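Q: Based on what follows, work out the 3D shape:
(chains A and B)
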Amino acid sequence: MRVKVFALSTCPYCRMSRQFLDENGVAYDVVEVDKLEDDDKQTAIAEVKSLSGGTSFPVIVVGDEVVVGYNKVRIKELLGL
Amino acid sequence: MSAPETGAPGAPPRRRFPEGTTAEDLKAYMGPFVERLGYKFNTDGEFVAMVLEGELEVLATTGDVYCPCRMRTGDPKEDVKIICPCIPFFRDEFAGMRKCWCGLFIRADVEDGAALMGVIAEPEGPIEVPVARVDDMRDGEARRVKVGKTALAVFRVDGEFFALSDVCRHAFAPLSEGWLDGHAVMCPWHGWRYDVRDGTTDHPDADVRTYPVTVRDGEVLVTV
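A: A predicted model of the protein is given here:
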């Protein structure tokens, strides 16, 4: 299942989410939105908005599902951990 | 980005947080402020350090302590709401969670802040929610408070506080905008009268729900 994490480099919950995925051996793509420049940044923000309805991080995409925030229970459920 | 250091020559810089600001400086600045709001720093010191570290990074690039977990929109009116501490802008939401979004701050009476981590929904079962300070409201005054999806009308009559559903059973008008006559509130739309003490009205089967109110340490708490 494809996992993608939209994160901010400054956000502790983003860090905790990535650590959790790492510890569980889950492969994922990560986009650090605040580190992007110009158009790339705007595109990423638009994507985060359309996925989550807001701009709070992390936004974690698991297959077709979207998890906003470090919701360990939900992430585990979706990944079958 | 240039710092907003304007004003007369020799005047102190207007930046709240000058260059070299540390996590301890942020703590000293925010602590007394959140205390007035009924909050304190999370008891999990390691987590607090992690959030403040993020805020210092944001401060260095933006000039203020915007939330490290949310993106600025570029609209100053919106962005002011995510300058830490953001509690004043999200009091109702946070009251139910007993912490601010990220958990940097927790309600003053929470002993184990770490236990609240990851709580991003409202806890189940009845909760006590602070809705006002006693001195904030005068006799005869009403206030609308939203707790999650529940809209409450809080009234003060003769120094006592009462809370009931803010929705008139007739045409769903907000009772908090009605008029008080002793212990009766008159709905602003069609004049239905409810007793603020027990939610009763003289229309059959149309009483509104009331909620228990407690006053503690100068704070008005409603159990929802």
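Q: show me where chain A has strands.
A: In chain A, the segments counted as strands under DSSP state E are A:3-7, A:29-32, A:59-62, A:65-68.
Q: helices or strands up against the last one?
A: Contacts defined by 3 or more C-beta pairs under 8 Å, 6 or more residues apart in numbering or on different chains; DSSP states H and E place strand A:65-68 against helix A:38-52, strand A:59-62, helix A:72-79. All C-beta atoms are positioned from the backbone trio N, CA, C, and that covers glycine.
Q: Can you tell me which of the ones you listed has the worst average pLDDT?
A: Lowest mean pLDDT of the helices and strands packed on strand A:65-68: helix A:72-79, a mean of 88.
Q: Report the angle between that one and strand A:3-7.
A: Here helix A:72-79 runs at an angle of 150 degrees relative to strand A:3-7 (axes from the mean of the first three to the mean of the last three C-alpha atoms, to 10 degrees).
Q: and chain B, which residues reach chain A?
A: Proximity of chain B to chain A, by C-beta under 8 Å from any C-beta of the partner chain, involves residues B:47, B:50-51, B:54-55, B:57-58, B:68-71, B:73, B:101-102, B:118, B:120.
Q: Quickly compare the strands of chain A and say which is most buried.
A: Greatest average neighbour count among the strands of chain A goes to strand A:59-62 (a mean of 24), per mean count of other C-beta atoms under 10 Å in any protein chain shown.
Q: May I have that strand exported as PDB, CA atoms only?
A: What follows is strand A:59-62, C-alpha atoms only, in PDB (Å, rounded to 0.1, in the frame of the first residue of the first chain):
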ATOM      1  CA  VAL A  59      -1.400  14.600   6.600                       C
ATOM      2  CA  ILE A  60      -0.800  10.900   6.100                       C
ATOM      3  CA  VAL A  61      -2.100   9.200   3.000                       C
ATOM      4  CA  VAL A  62      -2.500   5.400   3.200                       C
END
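Q: What residues of the longest helix seen in chain B count as buried?
A: What stands out as the longest helix in chain B, according to DSSP state H, is helix B:45-62. Buried residues in helix B:45-62, defined by neighbour count with 16 or more other C-beta atoms under 10 Å in any protein chain shown: B:47, B:48, B:50, B:51, B:52, B:54, B:55, B:56, B:57, B:58, B:59.
Q: Any chance of the helices and strands packed on strand A:65-68 in CSV with distance to residue B:41 as columns?
A: Converted to CSV, the helices and strands packed on strand A:65-68 look like this (distance: least, C-beta to C-beta, whole Å):
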stretch, distance to residue B:41
helix A:38-52, 28
strand A:59-62, 27
helix A:72-79, 23
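Q: Which pLDDT value belongs to the residue nearest the centre of chain B?
A: Centrality entry for chain B: nearest residue to the mean C-alpha point is residue B:91, 1.6 Å, by C-alpha atoms, centre = their mean. If you check residue B:91, the pLDDT there is 83.
Q: The one 5 residues further on too?
A: With respect to pLDDT, residue B:96 scores 76.
Q: Helix, strand or coil: sort out it for me.
A: At residue B:96 the chain is in helix, as set by DSSP: H, G, I helix; E, B strand; the rest coil.
Q: next structured bit after the least confident helix or strand in chain B by mean pLDDT?
A: One helix or strand of chain B scores below all others by mean pLDDT, DSSP states H and E: helix B:91-97, with a mean of 80. Past helix B:91-97, further along toward the C-terminus, the next helix or strand under DSSP states H and E is strand B:105-107.
Q: Could you list the residues in contact with that next one?
A: Residues from elsewhere that reach strand B:105-107 (C-beta atoms under 8 Å, 6 or more residues apart in numbering or on different chains): B:34, B:38-43, B:85, B:87, B:95, B:98-100, B:113, B:116.
Q: Brilliant, that's me finished.
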